[in-house]
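A.B. asks: curious how this folds, go ahead:
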Amino acid sequence: MLRLWRIFLTLPLLLILCACIGGKQTLIWDTFKTGILGTNGLIDEAVLNPNYRYLRAEMNGQSALLVLGYETLKGDFLTETWYSNNKEVIQFENGRLIGTSGLDVNWTDVSLVDAPAITSPDLFPDPSNSSVKSKRNPKLFFFRTRSVMPQFLANIHEAVSMQGLNEIPEDAPKILQDPNFRLNLKWVQETVVLQPNNPSVYALRAIYAYDKKTHAIIFGRQCLTQTSCLSWLRWPYLDITSSPPKESVSAQ
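C.D. replies: The predicted model follows:
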């Protein structure tokens, strides 16, 4: 039944994809063949098509390689939709997770209200500024509504705080702790604000790393539940801080 539910949820998204890219759907389906769901070694050895953009994702010890299906830009909102060979779907809005399909736990109907940019300079004030009284970076806030499937938890409303980090998180990927990368990155943390009168709200955490120069978001990890966290890394990582973004299969 769970597998049937995944197929039922994923099919409309795939149909939308085909409708959006028109004659290019063959390219997308060919690209699915390069997607790998399995061990890290298989992903490391995968031969990638340089014409496409890739994302390496991991959840509960399972890794997958995803390809960018399409992206849309409406005003200041950039939406990216990524697909794996096994038809998992991950969607982002300005770098934040706004939807998944095909995972053991999925977020759906995600709505962000007044969400500052992950790369907002307000998270990292100039320490030489005399008006900065605290050594800790300031916090910004926004609101989020989401549903969780297949648990059928609908319309969860929560406030989220975000703060720039002066140190690399201990759970950051080892590759991003390498001296060749760490000096080029800034880190941001988001945490759901607990509500004393609402025990159903949990302090779910997210972390992000972005390139100081290009402001491209390189890495993210969002906890979907208290025990399941989804992480993603722009792939291949050797190119993430040196090469310009590759073309997606279809844009806007």
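A.B. asks: how far off centre is stretch 220-228?
C.D. replies: In this view, stretch 220-228 has its centroid 11 Å away from the chain centroid, taken as Cα atoms, centre = their mean, to the nearest Å.
A.B. asks: next: stretch 216-230.
C.D. replies: That offset, for stretch 216-230, works out to 7 Å (Cα atoms, centre = their mean).
A.B. asks: can you list contacts of that stretch?
C.D. replies: The contact list for stretch 216-230, computed with Cβ atoms under 8 Å, 6 or more residues apart in numbering, reads 57-60, 90, 92, 95-97, 100, 103-107, 118-119, 148, 171-173, 176, 185, 202, 204-211, 231-234, 240-241, 245. (Each C-beta comes from the backbone N, C-alpha and C, glycine too.)
A.B. asks: mind checking the end-to-end distance for that stretch?
C.D. replies: Terminal residues of stretch 216-230 lie 19 Å apart, using Cα to Cα, to the nearest Å.
A.B. asks: how about that stretch: buried residues?
C.D. replies: For stretch 216-230, the neighbour count (16 or more other Cβ atoms under 10 Å) marks 216-224, 229-230 as buried.
A.B. asks: my read: Ile98 touches Glu80, true?
C.D. replies: No. Taking contacts as Cβ atoms under 8 Å, Ile98 lies outside contact range of Glu80: 9.6 Å.
A.B. asks: any common contacting residues for these two?
C.D. replies: 91-92.
A.B. asks: quick check: the gap between Gln151 and Arg53.
C.D. replies: In this structure, Gln151 and Arg53 are 32 Å apart, going by Cβ to Cβ, to the nearest Å.
A.B. asks: same check on Ser200?
C.D. replies: Counting by Cβ to Cβ - Ser200 and Arg53 are separated by 37 Å.
A.B. asks: who has more neighbours, those two?
C.D. replies: Set side by side, Ser200 and Arg53 show more neighbours around Arg53, with 21 against 8, by other Cβ atoms under 10 Å.
A.B. asks: burial count for Lys174?
C.D. replies: Neighbours of Lys174 (other Cβ under 10 Å): 6.
A.B. asks: list of residues touching stretch 110-121?
C.D. replies: Stretch 110-121 is contacted from outside by 93-99, 122-123, 140, 142-147, 160, 162, 186, 188, 208, 210, 215, 217, using Cβ under 8 Å, 6+ apart.
A.B. asks: show the buried residues in those.
C.D. replies: 93-99, 123, 140, 142, 144, 146-147, 160, 162, 186, 188, 208, 210, 217.
A.B. asks: those residues in strands, which ones?
C.D. replies: 93, 96-99, 140, 142, 144, 146-147, 160, 162, 186, 188, 208, 210, 217 (DSSP state E).
A.B. asks: now stretch 138-155, how far from the centre of its chain.
C.D. replies: That offset, for stretch 138-155, works out to 15 Å (Cα atoms, centre = their mean).
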